[in-house]
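1. I would like the atomic coordinates for the input below:
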Amino acid sequence: MLFSVNIGDEEGYLYFLFEHKSFQEKDIAFQLLDYMQQIWSRELTKEKAKAVPIIIPLVFYHGKRRWTDVKTIGNWITGYDNFIPHMQRYVPDFDFILFDLSFEGQEKVEGNPKLRAYLELSRHIFVRELETFLSTLASIERMLSEYDVSFLDTLFIYILSTRDDVSVETIKERLTTKGGERMMSIAEQLRHEGEERGKEIGKEIGELNKAREMAKKLFLLNMDEEQVIEVTELSAEEIAQIKKELKR
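-> Got it, this is the predicted structure:
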């Protein structure tokens, strides 16, 4: 998110870089640095900017365990803290803000009901104690019922795609009648979409197998590789694999 702001007496820009993590990644600082470099590079090359924005990196984490080892780039470099300032200046070390929304984390959840509902679900989505998870979900439904009940559909999709250890019926029992109906409707919609996508994948696999069989026959007829690719529309990697199979 890019904002135009006044920095001192000058007009400047403030860029917020949001990174979402459901598991710990020790090299997060390097990932953030890569994203930051891409942002600055885009500003310089595509936007022809004469100055680049300051970037504030924020990491939202909601994994199963509290994030216990947050490393900056300086922390990765052996002996960095013992370097004299003249040496440290050559290291692109920087801080970033970590919001630990894991169940064991201590972050306080604030904001409007929609934001709090999302953050509370993020905090509890991996909780093993089923009763704790279901109680939180019931609380979230009450929270959204007077604010934006349609947002429940988004949360239900997230739950159904993440938690495979709890049945739809079990969740429905802890919701209101309307909430349960919304949940069942979303579950049915996802099931139908899954079946349709399964049919599409099956059709794609069938067409791919036909193309592969045709490629084999064309090679046996001594057709060259470029002609086989043109006829079958297979990738060069797939053609190479087929040639290996024919040599066996």
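2. Select the longest helix from the protein.
-> Longest helix of the chain, by residue count under DSSP state H: helix 177-220.
3. Extract the CA atoms of the following helix or strand past it and return them as PDB.
-> Per DSSP states H and E, the first helix or strand lying C-terminal to helix 177-220 is helix 225-232. The C-alpha coordinates for helix 225-232 follow below in PDB (Å, rounded to 0.1, in the frame of the first residue of the first chain):
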ATOM      1  CA  GLU A 225      11.400 -33.100 -33.100                       C
ATOM      2  CA  GLU A 226      10.200 -29.700 -34.300                       C
ATOM      3  CA  GLN A 227       7.500 -31.200 -36.400                       C
ATOM      4  CA  VAL A 228       6.300 -33.400 -33.500                       C
ATOM      5  CA  ILE A 229       6.100 -30.300 -31.200                       C
ATOM      6  CA  GLU A 230       4.100 -28.400 -33.900                       C
ATOM      7  CA  VAL A 231       1.700 -31.200 -34.400                       C
ATOM      8  CA  THR A 232       1.100 -32.300 -30.800                       C
END
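4. Helix 225-232 - contacts with which helices or strands?
-> Other elements packing on helix 225-232 under the criterion 3 or more Cβ pairs under 8 Å, 6 or more residues apart in numbering; DSSP states H and E are helix 177-220, helix 236-247. Yep, even glycine has a C-beta here, placed from its N, CA and C like the rest.
5. any chance of these in CSV, plus mean neighbour count and mean pLDDT?
-> Converted to CSV, those look like this (neighbours: other Cβ atoms under 10 Å; pLDDT from 0 to 100):
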stretch, mean neighbour count, mean pLDDT
helix 177-220, 13, 84
helix 236-247, 12, 82
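6. Same list, those, but as TSV with distance to residue 22 please.
-> Formatted as TSV, the helices and strands packed on helix 225-232 follow (distance: least, Cβ to Cβ, whole Å):
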stretch	distance to residue 22
helix 177-220	20
helix 236-247	31
